[in-house]
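Enquirer: Sequence and predicted structure, then a few things I'm wondering about:
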Amino acid sequence: MEEFSVNTAVDYPRTARTVLSGNEKSLSKTFEFIRSKQNKSNIVKLKDQQTTLYSARINLDPEEGVGYWEFLQLSDDLYVIATDCQYFKTHAETVIGEDFLEFHFKVSGELLMEITEESKLSIRGPSLLIWKQPTGCNIREWIKGGARESSLTLYCKPNLFIDRLGLKPEQLPRIVESFIKGDNKSIEHEVIPLNPALGFSIINLLRSNFGDSFHLIHTRAKTFDLLCDILQYLCSPNSHNDVDSKPLSSYEKQRLQEARDILSTTFSPPPTIKGLAKKIGLNETKFKRGFKKLFGTTIYEYGNYHRMQKALELLQTTEESVTDIALKVGYEYQTSFTSAVKHFFGVTPKQLRDAALKN
């Protein structure tokens, strides 16, 4: 897949975050704006015994793309931005450093971040970016046009971990502990694979059928669930390293990324492990071990996840028959496709389509 690049001298269109609160406004200022406009029809407010929750959803203008951005305040120390959209052209914004610790769960799409003029970071789904951006460290970022951007970003303040979750710094992963202690005043980041189970949970959250207050309650519960999952994963001694294998070479990483791109875009017929290994120039054993090491999931799980997401998209956005959709995602028989969908989503293809029509 071609590397995402931009001309930094071009004035790209701004994202929904900028449209909501103005150019080069901080996230805190964005939520101040939401709270001040709480009587608007697109803003939902819910007060419980501890705090007040807010959400504001912005649908893209049909001329610039399809889908939405949603801004949620789930507590005084936890903000969330949910994005499920596709811009026709690349969009950009300036991101103000505010001393948040961010967990950016990217299911699909691509984000390019300019840390310095010489240093850029490209994040492509499925992956998790852990990001610490201190006050005074402002960056620019671009969302790739023409790609489905499905992501969920948690913006955490230190009190979230200490007061709300009741954790001590030494119980937390290194990057979180460093954030709480304030040891490092420069940008820190870490990118790890996003396993299919977490990716599926995020897609369900982004495309849930809950409305208004129930949506806020559901999102808060699922967000804390995600936070616990990722903290536990990061605290696991084997979360990043496979002690039974050597580090992957640059060549192997490039070949495995090529295989990942094929698996996420080719469905009929679905690629075989043998065929893919031959295509990328690795033996099958190295291919299977390397893929699991680099992306945190098996070749089958990764390919099946994307086949099911393509099936979901076709069921909910087209009027094609279930038989035709089954063929497009690599199933010769509708009965096999129905069984696979029910195993993955817990419901039949017809129920998935009916749910979209009711939404």
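Expert: All right, it came through fine.
Enquirer: Low-confidence stretches in this structure?
Expert: Scanning the chain for pLDDT under 70 picks out 1-3, 22-24, 183-184, 236-246, 356-359.
Enquirer: Give me the residue at the spatial middle of it.
Expert: In the chain, the residue lying closest to the centroid (Cα atoms, centre = their mean) is Lys106, at 2.0 Å.
Enquirer: Tell me how far it lies from Leu152.
Expert: 9 Å (Cβ to Cβ, to the nearest Å). Glycine gets a C-beta too; all of them are placed from N, C-alpha and C.
Enquirer: Let me see the ranges of the helices in the protein.
Expert: Here the chain has its helices, by DSSP state H, at 16-21, 27-36, 158-159, 174-181, 196-206, 212-235, 250-263, 273-280, 284-295, 299-317, 322-328, 334-345, 349-358.
Enquirer: got the buried residues for the fourth one?
Expert: If you call a residue buried by 16 or more other Cβ atoms under 10 Å, then helix 174-181 has these buried ones: Ile175, Val176, Glu177, Ser178, Phe179, Ile180.
Enquirer: nearest to Ile280, of these?
Expert: The shortest approach to Ile280 among those belongs to Ile175, at 31.7 Å (Cβ to Cβ).
Enquirer: neighbours around Val341, how many?
Expert: Val341 sits with 26 neighbouring residues when counted by other Cβ atoms under 10 Å.
Enquirer: related to what we said a few turns ago, can you redo the buried residues of helix 174-181 as a markdown table with distance to Leu160?
Expert: Below are these laid out as a markdown table (distance: Cβ to Cβ, whole Å):
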| residue | distance to Leu160 |
| --- | --- |
| Ile175 | 15 |
| Val176 | 10 |
| Glu177 | 14 |
| Ser178 | 15 |
| Phe179 | 11 |
| Ile180 | 10 |
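Enquirer: Looking at those residues, which is nearest Thr348?
Expert: For the buried residues of helix 174-181, the nearest to Thr348 is Val176 (41.0 Å; Cβ to Cβ).
Enquirer: How far off centre is stretch 214-233?
Expert: How far stretch 214-233 lies from its chain's middle: 14 Å, per Cα atoms, centre = their mean, to the nearest Å.
Enquirer: List the buried residues for that stretch?
Expert: For stretch 214-233, by 16+ other Cβ under 10 Å, it's 215-216, 218-220, 222-224, 226-227, 230-231, 233.
Enquirer: Take the residues you listed and lay them out in TSV including distance to Lys278.
Expert: Output for the buried residues of stretch 214-233, formatted as TSV (distance: Cβ to Cβ, whole Å):
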residue	distance to Lys278
His215	47
Leu216	50
His218	45
Thr219	44
Arg220	48
Lys222	41
Thr223	42
Phe224	45
Leu226	38
Leu227	41
Ile230	36
Leu231	40
Tyr233	33
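Enquirer: Could you single out the nearest of those to Tyr333?
Expert: Nearest member of the buried residues of stretch 214-233 to Tyr333, counting by Cβ to Cβ, is Lys222, at 34.5 Å.
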